[in-house]
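Any chance you can model this:
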Amino acid sequence: MTLVHAGGQNGGVIRSTDVVPLSDERARAATLVGAKAANLAIALHHGLPVLGGAVISTEGVREWVKRGPSADHHDMWASVSRGGTVPLVVRSSSTVEDAEESSKAGRFTSVLRVSGWAPFVDAVGEVIDSATAVDEPAPMAVLVQPWLEAAMGGVAFGADPVTGDDEVVASFVNGGPDTLVSGQEQGEMVHLDRYGRDRSRRRHQSGTTLSRRELRALNRLVRRTGELFEGPQDVEWAVDADRRLWLLQSRPITAKRTAAKGPRFGPGPLAETFPDQLAPLEEDLWLPAVRDGIAQALVLSGARRSRQVERSQVVASVGGRPAVDLDLIGAAPVRRRWWAALDPRPGARRLAASWRVGRLRSALPKLAEQLVYDVDESLLDVPTLSDLDDDALLLILHNARDTLRALHGHEVLIGMLLPTDVNASSVASGALAAVQKARAAGRNDEEIIRRDPIVLALVAPRVGPQPSLPPTAAVTTRPTEGVVDRDATIREALRLRIRWVHELTARAAWELATRLSQQDRLYQPRCARDLTLDELTRLVEGGVPPTALRDRLLDDVPALPAVFRLREDGTVAALDVDTAALGAGGGRAEGLVHIGDDPPSGAVLVAEALTPELAWVLPNLNGLIVETGSPLSHLAILAREAGVATVVAYPDAMNAFAPGERVLVDGSTGEVTRLEEKGGTASAADNGDRMTAEVRT
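A predicted model of the protein is given here:
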């Protein structure tokens, strides 16, 4: 059979059953020529700029291994190399390469700039031998093409492999792309929108640039390959001396992230209440009440319509890390559309809601005070948990949800509707003083918590044994200036009652878990934390534990970024935020940056969130910088009382500062100045080199 090759930069006639030109329709079968060659053959057939070449098929390779190179192989070499005048590139094309599940990138051999028949034979042998490089050897074909003397080359992805965004991400270097794909050079990078415009706006090294026309051509090529192969592609490409663009390889993007869409989330104020990763039972006990309380407050205040709230998760959990819908609660910047000024409905809705909100605002303090009184009475009526039967303990777990829902709703409403004074006193300072006084009297932790439950404000909630109170530092607070803010005091009282109800449910759940373990119905009490509330209820009522409960190990999920979107696969795509940090008071102070536990006296601590554990170290700090949080939170208030210069909502603070550098923290303006750098004000807006973070669930 006569096969005539008519594509790319070479021509000629090849007669063989073991050799297939890329222009032959049989070259589109991956089982015969391998996935790499088949993709190029398909692209060539559809008019994409592919270099000519031919393939030693999987059958031809088997014959080569048995009998060595034949006259047909020599004819192929002569045809593609134009009688030996053009160097060749000899590449692997295995049937397990360039698949959607795994590309096997770098696992097989390619030999570049092969000149002469004898070196060609050696190169083919190298490629065939590399078939044993994978765990499960598969049929190997060998792709042979003319060597391209590239002026520039690189790799491009049809979608951002990190964020999943629909944009072309390309890296390139001078010369061929081999130094880039091998990791020898980092190259320059561009992010192209659908029109081929560079969104990144980076300044590239001299001589390593693509013109606007070339960027548009690259953009079209990458998007055409995506359309052809029905999915974003990982494309290897090169530009020759005449500035003509060539497609060298196309394969599906493996391990690509799905797009991150939908509302913006962030840990925000929830990180203060839940600083640690929650177990499934803790999520089930506490998060629905937070979600419902926020939702009710938004609707009652008229801030959001019920349909908007119903469409939102309100509160999401990423591997046990709670986050709130920042767009829904109005904590994320919103771009106002041009036609919004012409829409009379928002104004009409505000007018209709104003009467209801006004009445609610005037009644809210008394309603909250009554709720605090009712909760205190209910808590005082709870008998010793060890004296209650299982049904009574379950009743506490289920009924506490309604109490928490009411407490969260009132607390959120007060924050939304009533102006509060940032100089209000924090319950945390009273808790610190109580611990210090009790320790001086020789009381142990159990007795301190029983006599002064206010100290629970200093410990995060957790289903488990009784919490321990860490050693306290000397409490040095300044008197609260002016008249005591009644509304802020009520809000602090609501927060404390939320913590007490959390503790009640945690103790009740642990009591049940201990009994189940003693009855040999649970391996150990801590296993109950891996159950849902419904599963715990069924187990207490006589059911059996879920299958493989011991295998429900909680993956360690790091703290969430300040602002992020959720991808379809449940992972997190962090977002750059340009919002300014907030001053939370405490004056101005300087010190050396410390990141982590046990900050030395006089340090400026940089942390992810205002967690209860910070209360123990705050009095010894000069300054505090946190990525999330509010100036009205427990810890921000305590920091002001202790005279600690505090800045909250500083984007990516953990990466913005290096341990040991000296900074000046201004608690009034929210600015942080690096003192070693002349004029080096590190405001939130200056942090332009932030890296996108990922979290897997």
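
Which of the three states applies to residue 292?
For residue 292, the reduced secondary structure class is helix; criterion used: DSSP: H, G, I helix; E, B strand; the rest coil.

Give me the distance between residue 493 and residue 373.
Residue 493 sits 10 Å away from residue 373 when distances are taken as CB to CB, to the nearest Å. From N, CA and C alone the C-beta is placed, and that goes for glycine too.

higher neighbour count, those two?
For residue 493 and residue 373, the more surrounded residue by other CB atoms under 10 Å is residue 493, and the numbers stand at 20 against 11.

For that one, give me the pLDDT.
Model confidence at residue 493, expressed as pLDDT, equals 90.

mind checking which helix or strand it is in?
When secondary structure is defined using DSSP states H and E, the element that contains residue 493 is helix 486-518.

so what's residue 40 closest to, chain neighbours aside?
In space, residue 40 comes closest to residue 50 once its chain neighbours are excluded; the distance is 5.2 Å by CB to CB, 6 or more residues apart in numbering.

what pairs with the one you found across the strands?
Applying DSSP bridges to residue 50 yields these beta-bridge partners: residue 247.

So for it, what pLDDT did the model give?
Looking at residue 50, its pLDDT reads 95.

Can you get me a residue count around it?
24.

Next, the buried residues of whichever strand or helix holds residue 298.
In this structure, residue 298 sits in helix 280-300 according to DSSP H and E. When neighbours are counted by 16 or more other CB atoms under 10 Å, the buried residues of helix 280-300 are found to be 280-287, 289-300.

could you pull out the strands for the stretch 551-697 of the chain?
Secondary structure of the stretch 551-697 of the chain (DSSP state E, counting those that start in this stretch): strands at 564-567, 572-574, 582-583, 588-595, 604-607, 623-626, 645-648, 662-666, 672-674, 680-681, 694-695.

and what of the stretch 1-150 of the chain?
Ranges of strands in the stretch 1-150 of the chain, per DSSP E, counting those that start in this stretch, are 3-4, 13-14, 19-21, 54-56, 88-94, 110-114, 140-146, 150-157.

now the stretch 151-300 of the chain
Counting by DSSP E, counting those that start in this stretch, the stretch 151-300 of the chain has strands at residues 168-174, 188-192, 233-240, 245-252, 260-266.

lowest confidence element among the helices and strands of this structure?
The element with the least model confidence among the helices and strands of the chain, by mean pLDDT, DSSP states H and E, is strand 694-695, at a mean of 27.

quick one, which of the strands of the stretch 1-150 of the chain is packed in tightest?
Scoring the strands of the stretch 1-150 of the chain by mean neighbour count under mean count of other CB atoms under 10 Å gives strand 54-56 as the most buried, with a mean of 31.

Using PDB, list the CA coordinates for stretch 489-508.
In PDB, the C-alpha atoms belonging to stretch 489-508 read as follows (Å, rounded to 0.1, in the frame of the first residue of the first chain):
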ATOM      1  CA  THR A 489     -23.200  45.600  76.800                       C
ATOM      2  CA  ILE A 490     -26.300  43.700  75.700                       C
ATOM      3  CA  ARG A 491     -24.500  42.400  72.600                       C
ATOM      4  CA  GLU A 492     -21.700  41.100  74.800                       C
ATOM      5  CA  ALA A 493     -24.200  39.500  77.100                       C
ATOM      6  CA  LEU A 494     -25.800  37.700  74.100                       C
ATOM      7  CA  ARG A 495     -22.400  36.500  72.900                       C
ATOM      8  CA  LEU A 496     -21.600  35.100  76.400                       C
ATOM      9  CA  ARG A 497     -25.000  33.200  76.600                       C
ATOM     10  CA  ILE A 498     -24.200  31.700  73.100                       C
ATOM     11  CA  ARG A 499     -21.000  30.400  74.500                       C
ATOM     12  CA  TRP A 500     -22.700  29.000  77.600                       C
ATOM     13  CA  VAL A 501     -25.300  27.100  75.500                       C
ATOM     14  CA  HIS A 502     -22.500  25.800  73.300                       C
ATOM     15  CA  GLU A 503     -20.800  24.500  76.500                       C
ATOM     16  CA  LEU A 504     -24.100  22.900  77.800                       C
ATOM     17  CA  THR A 505     -24.600  21.000  74.500                       C
ATOM     18  CA  ALA A 506     -20.900  20.000  74.400                       C
ATOM     19  CA  ARG A 507     -21.000  18.600  77.900                       C
ATOM     20  CA  ALA A 508     -24.400  16.800  77.300                       C
END
